[in-house]
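S.K.: sequence and predicted model, in that order:
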Amino acid sequence: MALRERLNDELKTAMKARDARRVSTLRLVFAAIKDREIRSAAGGPEISDEDLLALLSKMIKQREDSVTAFEGGGRPELAAAEREEIAIIREFMPRQLSDDEIHSAVRDAIAATGAATPKDMGKVMGALKKRHAGTIDMGKAGGIAKELLATPKP
């Protein structure tokens, strides 16, 4: 089942169950999808599952930033609401790679691209995005790649 269909089915189920938080979050997801489609190609084709995963990742990152801001501002109730939204959105994401798996994926990408210096960082990150879309924390992967590429090879 395509990701968009799954989201739509979950929205219908949440509406029937009168789960206000879930309905609200899924409607936010659909609003973001619609906005992306409008901006990308005025009424163009639907976005792919890969693009949807990237959009969901971005939404999770935004909410994680909001949680940090709300906690820093002494608003735990708003931080809790953002965490609930994160949990709902994460249900639609594939399993995230562990730290060890990220290390391995970065090493594989470095080997596959022939990267040798920090100047080759773009090649490595491009390969990781292509191969592990939606399953890898690109922030962690970038840090690992920078560290591995900065280390002189014996």
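M.R.: Yes, it's here.

S.K.: helix, strand, or coil at the residue nearest the centre of the chain?
M.R.: The residue lying closest to the centre of the chain (CA atoms, centre = their mean) is Ser57, at 1.8 Å. Counting by DSSP: H, G, I helix; E, B strand; the rest coil, the backbone at Ser57 sits in helix.

S.K.: show me where pLDDT drops low in this protein?
M.R.: 1, 41-45, 152-154 (pLDDT under 70).

S.K.: residues touching the residue nearest to the centre of the chain, list them.
M.R.: Met93, Gly134 (CB atoms under 8 Å, 6 or more residues apart in numbering). Placement of C-beta: from N, CA and C, glycine included.

S.K.: I'd like the distance between Arg39 and Asp65.
M.R.: Plainly put, Arg39 is 21 Å away from Asp65 if you go by CB to CB, to the nearest Å.

S.K.: and the helices in this protein, which stretches?
M.R.: Secondary structure of the chain by DSSP state H: the helices cover 3-17, 20-40, 49-72, 76-90, 99-113, 121-131, 138-150.

S.K.: what's the angle from the last one to helix 99-113?
M.R.: Which is helix 138-150. 60 degrees (axes from the mean of the first three to the mean of the last three CA atoms, to 10 degrees).

S.K.: the third one now?
M.R.: Per the same axes, to 10 degrees, the angle that helix 49-72 makes with helix 99-113 is 130 degrees.

S.K.: now helix 49-72 - C-alpha only, CSV.
M.R.: Extracted in CSV, the C-alpha atoms of helix 49-72 (Å, rounded to 0.1, in the frame of the first residue of the first chain):
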residue,chain,number,x,y,z
ASP,A,49,6.7,7.9,-1.3
GLU,A,50,10.4,8.9,-1.1
ASP,A,51,9.4,12.6,-1.1
LEU,A,52,6.7,11.9,1.4
LEU,A,53,9.3,10.3,3.7
ALA,A,54,11.5,13.3,3.4
LEU,A,55,8.5,15.6,4.2
LEU,A,56,7.6,13.5,7.3
SER,A,57,11.3,13.6,8.4
LYS,A,58,11.2,17.4,8.1
MET,A,59,8.0,17.6,10.1
ILE,A,60,9.5,15.4,12.8
LYS,A,61,12.6,17.6,12.9
GLN,A,62,10.5,20.8,13.2
ARG,A,63,8.5,19.3,16.1
GLU,A,64,11.7,18.2,17.9
ASP,A,65,13.0,21.8,17.6
SER,A,66,9.7,23.0,19.0
VAL,A,67,9.9,20.6,21.9
THR,A,68,13.3,22.0,22.8
ALA,A,69,12.0,25.6,22.5
PHE,A,70,8.9,24.9,24.6
GLU,A,71,10.9,23.1,27.3
GLY,A,72,13.3,26.0,27.4
